[in-house]
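Enquirer: Only the shape, not the letters, is given here:
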C-alpha cells in the first residue's frame, strides 16, 4: 500500500469493469477510501448487476484497503446527489471525484435513433455534469477537491459509427475546461483523461469487426487499425489518474491527458492554423468571390478531406 492518497476519500464511477475498475484499485492502493459506483449495466446501458461493484470492493478489502459499493446511476440528477451523500455519510467528506461511467450505442448517423443519441449523451455528458454539480458544492465549501473526467480520442478525430459518443466526449472536454476556470480559485482542480485501453467497451467482437470494415473501406489507416486492435490493458491508464488526484498535481487544472501503454501525453487546445484577414470596419464583410479565390491557397493549405466521396 502506498500513501500518496492516504486520508483521502474518493468516488470512482463506472468502477465495476474496465479502465475505471483499475483506477479504483490504484486509488485504493495509494491509501484512499473508495466509493465504487456501478449499477452493473450492459455495454449498451441495459439491465443491472451488483456483482461487478461488489467484486471490486471485496478485492480492495482483501488487499487491506477500504471501499464501499454503490449501485446508483449517475444519469439522474437526484441519484447523483445520493452518490455524493453516500460518500460523505460513509467516510465523512469527499476529496476526489473520478467520472468514468459510460455506455455505447454504435450506429451510423443515418441509422441512429433518438434513444441511441439521448442515452449515450445522458450517461456520459449529463452524468458527468450531475456528479460535478453536486460534488462542487462540497469541494467549494472545504476549498479542496480533485475532479478527473473521462473523454476519448474520439472527440479529436471523430469515430465512425459513434457520433453520439464522440459528441458526448467532446462536450466533457469543453465542460471540464469551463468548470476548471470556475473552481480553480477554491483549490479544486478539474482535468480530463483520454484512456487508450482494451476493455469490453473498446474491443468486443462487434467493435473489432467494425474497425476491420472501416480499414477495408479506407476510413482509417492500417496504423490506426493496428493500434486500435492491439490496445494495451487498462492498468496502464491508472497511474496518471492517480497522479492528478494527488497534492503534487495541485497546480494542474483544465488539461486533457492521453494515457495508454507506455504513452502519457498532454493534448493541445484548438488554435488557428491559417487565416485571412481584412479591415472589416473599413472594407465590410468578406465577399464570396474573394473567399473562393483565396481559400485554397491560404485557409486550406495542406488540407486533406478525411472522407472523400466514394470513387474519388
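Expert: Okay, I see it. Not measured: the values here are computed from a predicted model.

Enquirer: Please list the residues outside stretch 1-12 that contact it.
Expert: Surrounding stretch 1-12, the residues in contact under the criterion Cβ atoms under 8 Å, 6 or more residues apart in numbering are 20, 23-24, 27, 29-37, 63-65, 83-84, 87, 91-98, 100, 131, 135, 242, 245-246, 248. Heads up, the C-betas are built off the backbone N, CA and C, glycines and all.

Enquirer: do stretch 50-66 as well
Expert: Applying Cβ under 8 Å, 6+ apart, the external contacts of stretch 50-66 come out as 1, 15-17, 21, 24-25, 28-29, 31, 33-34, 36-40, 67-71, 91.

Enquirer: Buried only: go through those for me.
Expert: By the neighbour-count criterion of 16 or more other Cβ atoms under 10 Å, these include these buried positions: 15-17, 21, 24-25, 28-29, 31, 33-34, 36-40, 67-71, 91.

Enquirer: where does the most centrally placed residue in the chain fall, phi/psi-wise?
Expert: Residue closest to the average C-alpha location in the chain (Cα atoms, centre = their mean): residue 150, at 1.7 Å. Backbone geometry at residue 150, expressed as degrees, to the nearest 10, gives phi -120, psi 130.

Enquirer: From residue 212, how far off is the residue nearest to it when sequence neighbours are not counted?
Expert: In space, not counting the residues next to it along the chain, residue 150 is nearest to residue 100; the distance is 4.9 Å by Cβ to Cβ, 6 or more residues apart in numbering. The spacing between residue 100 and residue 212, counted by Cβ to Cβ, to the nearest Å, is 27 Å.

Enquirer: cool, residue 94 as well?
Expert: The value you get for residue 94 to residue 212, if Cβ to Cβ is used, is 43 Å.

Enquirer: So which of the two has more stuff around it?
Expert: Set side by side, residue 94 and residue 212 show unequal neighbour counts under other Cβ atoms under 10 Å, the larger going to residue 94 at 25 against 14.
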